[in-house]
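J.: Quick one, fold the following:
(one chain, ligands or ions: 1)
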Amino acid sequence: MNICVFGIGYVGLCASVCLAQLGHNIVCIDKDNKKIENLKNNIVPIFEPKLNELILKNKNKLIFKTNLENNEKNFDIFIIATGTPTQKNGEVDLSAIYNVADEIIKNCKNNSIIINKSTVPIGFNNKLQDYINAKTNLKLDVISNPEFLRQGSAIDDFLNPERIIIGYKSDFALKKVLKMYKALNLKDEQIITTDLNSAEMIKYASNSFLALKISFINEISKLCEKTNADIEYVKKGLTSDSRIGKKFLNCGIGFGGSCFPKDTKALVNIANNYDIELKTIKATIEANEAQVDYFINKIINFYKGNIKDKTFILLGLSFKPNTNDLREAPSIKIIDKLTDLNANIIAYDPKAKYDKVKQVNKINDAFNDADCLIIATEWEEFKNIDVELLKKLKDKVIFDGRNIFINRNLKKYGLKYYCIGKNEQQN
Ligand code: UGA
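T.: Numbering: from 1, shown residues only. Presented below is the predicted three-dimensional model:
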């Protein structure tokens, strides 16, 4: 099929490349000229495992452009994957989608369909359909097909989804979407078809529920520390109940990224517009913001409030491993707070770059003259750091925000080890 994708960010780029891999011809449109020029030259704007290889492999099925030329009317499907940022007043900014819709209307043939992958407030895709109907006599059906890929495993998530959600109004459009996904060979029960509004709600509810699980385990972990319970045992006990499930119950220093923080806030705001207070989601957001503060205070309290001129190694800048994305990363809050108190920070991250902090290119270089180690992201390469390096820390203390050293018994090397959900005496 001939498919045109608007918005070549995380979702748009990964979806384009995967759809090319499934055999479709894709035109990728993004207003960012530099990004498009780079992509034409195989310079990929994000780090994502498997993405570069797949772009190269499908080069002949991918065209990168900044806009559609007039009369380029051969697309079966348009996909919208533009950003939907939150505005200062809490409302979702939908202007990019309307601009794309205008461009589609100018360049479409009769009976093409628009698949909206952007996360949009409940009811929006119906409004978009009305907007389009008012502007053209052509039949142009809107589909809501929220995306569930995760950064760091986006390609595998797209090509092997647990389920896909398709919100639709016209059977004709549904058939076209199913044809687009045919090569995924999904079982019937993996294809969930709904009305447009329910599909939109599923996306917000999924992200908010996952965020809620994280805030829940983070709060329980704090209580474990105070009550001499051990989060590792607690987690084992909790997650062996299949009603609770095993995933998204890793405690840490809170969720970040471009999705959970944004979508939880947007859902609270949407509910407010209907005079409904989403107490659980509000608490999820609050608990998340408190979690990183709690961790930072642990560090400051260890030094009895005085960290002036101390040198901290910060391992991990990205909001999670296998991405170079810094959006809403807890590391940024840690850097801001510690540098406000006149501490020095030496950061290392395998992929992320942050210009407000001194960064080293090799992990070993960070340990030359440091007092304390902080772990903010659980990159694989941090997990087996040689204990000889750890012993070089002048204050012999480690604050592990992701529990990666929890089973290494660092006490026996004379190191103090603070993690999440287990107090210092238990380590
Ligand atoms: C999330 C969802 O998982 C995707 O399904 C969705 O498509 C995406 O948002 C989106 O809306 O576009 P993503 O933000 O890439 O994906 O990352 P996750 O793997 O979900 O992690 C989010 C945050 O939660 C990270 O900061 C991570 O460190 C944290 N987390 C995750 C925990 O603290 N504990 C856990 O057990 C799991």
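J.: Could you measure from Thr193 over to Val268?
T.: According to C-beta to C-beta, to the nearest Å, Thr193 stands 28 Å off from Val268. In this view, the C-beta of every residue, glycine as well, is placed from N, C-alpha and C.
J.: more neighbours, the two?
T.: Val268 (21 against 14; other C-beta atoms under 10 Å).
J.: residues making contact with the helix or strand hosting the more buried one?
T.: Using DSSP states H and E, Val268 maps to helix 260-273. Contacts with helix 260-273, where a contact means C-beta atoms under 8 Å, 6 or more residues apart in numbering, come from 85-86, 90-92, 119, 121-122, 203-205, 207-208, 210-211, 214, 255, 277-278, 281-282, 284-285, 288, 328.
J.: how far out from the middle of the chain is stretch 302-312?
T.: 32 Å (C-alpha atoms, centre = their mean, to the nearest Å).
J.: Quick one: name the residues of this structure near the ligand.
T.: When proximity is defined by C-beta under 6 Å from any ligand atom, the chain lies next to the ligand at 147-151, 207, 210, 214, 248-250, 252, 255-257, 259-260, 319-320.
J.: From those, list just the buried residues.
T.: Neighbour counting by 16 or more other C-beta atoms under 10 Å classes 147-151, 207, 210, 214, 249-250, 252, 255-257, 259-260, 319-320 among the residues of the chain next to the ligand as buried.
J.: Show me these that map onto helices.
T.: Secondary structure assignment by DSSP state H places 207, 210, 214, 260 of these in helices.
J.: Would you reformat the residues you listed as CSV and include distance to Asp400?
T.: Shown next, in CSV, are these (distance: C-beta to C-beta, whole Å):
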residue, distance to Asp400
Asn207, 27
Leu210, 23
Ile214, 17
Phe260, 22
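J.: with those in mind, which one is nearest to Ile166?
T.: Among these, Asn207 lies closest to Ile166 (C-beta to C-beta), at 18.1 Å.
J.: Surely that closest one touches Phe255?
T.: No: look at Asn207 against Phe255 with C-beta atoms under 8 Å: they stay out of range, at 9.7 Å.
J.: which residue packs closest to the most centrally placed residue in the chain, ignoring adjacent ones?
T.: In the chain, the centroid-proximal residue (C-alpha atoms, centre = their mean) is Gly257; its distance is 4.5 Å. Leaving out its chain neighbours, the residue that sits closest to Gly257 by C-beta to C-beta, 6 or more residues apart in numbering is Phe319, at 4.6 Å.
J.: and if you look at Pro161?
T.: Using C-beta to C-beta, 6+ apart, the closest residue to Pro161 is Phe148 (6.7 Å).
J.: residues in contact with that neighbour?
T.: Phe148 neighbours (C-beta under 8 Å, 6+ apart): 157, 161-162, 165, 203, 206.
J.: Now do it against Leu393, distance only.
T.: 40 Å.
J.: Could you pick out the buried ones from the contacts of helix 260-273?
T.: Buried among the contacts of helix 260-273 (16+ other C-beta under 10 Å): 92, 119, 121-122, 203-204, 207-208, 210-211, 214, 255, 278, 281-282, 284-285, 288, 328.
J.: Looking at these, which are in strands?
T.: Counted as lying in strands by DSSP state E, out of the buried ones among the contacts of helix 260-273, is not a single one.
J.: Identify the residue of the stretch 301-427 of the chain closest to the ligand, quick one.
T.: As assessed by C-beta to the nearest ligand atom, the ligand sits closest to Lys320 within the stretch 301-427 of the chain, at 3.9 Å.
J.: who touches that residue in this structure?
T.: Contacts of Lys320 by C-beta under 8 Å, 6+ apart are 151-152, 256-257, 377-378.
J.: cool, and Asn197?
T.: With C-beta under 8 Å, 6+ apart, Asn197 has these contacts: 122-123, 125-126, 167.
J.: Strands along the stretch 251-400 of the chain, start to end?
T.: In the stretch 251-400 of the chain, the strands defined using DSSP state E, counting those that start in this stretch lie at 311-315, 344-348, 358-359, 372-375, 397-400.
J.: Put together TSV for those, with mean pLDDT and mean neighbour count on each row.
T.: Listed next are the strands of the stretch 251-400 of the chain as TSV, based on pLDDT from 0 to 100; neighbours: other C-beta atoms under 10 Å:
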stretch	mean pLDDT	mean neighbour count
strand 311-315	98	25
strand 344-348	98	21
strand 358-359	97	15
strand 372-375	98	25
strand 397-400	98	23
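J.: and of those strands, who's closest to Asn33?
T.: Nearest of the strands of the stretch 251-400 of the chain (C-beta to C-beta): strand 358-359, 28.6 Å.
J.: elements contacting the closest one?
T.: strand 344-348 (3 or more C-beta pairs under 8 Å, 6 or more residues apart in numbering; DSSP states H and E).
J.: Name the strands paired with the strand it packs on and say parallel or antiparallel.
T.: strand 311-315 (parallel), strand 358-359 (parallel) (DSSP bridges).
J.: could you dump those to CSV with distance to Asn133?
T.: Below are these laid out as CSV (distance: least, C-beta to C-beta, whole Å):
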stretch, distance to Asn133
strand 311-315, 53
strand 358-359, 52
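J.: Indicate which one of those is closest to Phe78.
T.: Nearest of these (C-beta to C-beta): strand 358-359, 40.6 Å.
J.: Just to check, Val142 is in contact with Asn133?
T.: No: contact between Val142 and Asn133 fails when scored by C-beta under 8 Å: they sit 9.5 Å apart.
J.: Who has more neighbours out of these two?
T.: Comparing Val142 with Asn133 by other C-beta under 10 Å, the one with more neighbours is Val142, at 27 against 13.
J.: And the pLDDT for the more buried one?
T.: What the model reports as pLDDT for Val142 is 98.
J.: which residues touch it?
T.: With C-beta under 8 Å, 6+ apart, Val142 has these contacts: 113-114, 116, 125-126, 128-129, 132, 169, 173, 196.
J.: start to end distance for stretch 217-235?
T.: 8 Å (C-alpha to C-alpha, to the nearest Å).
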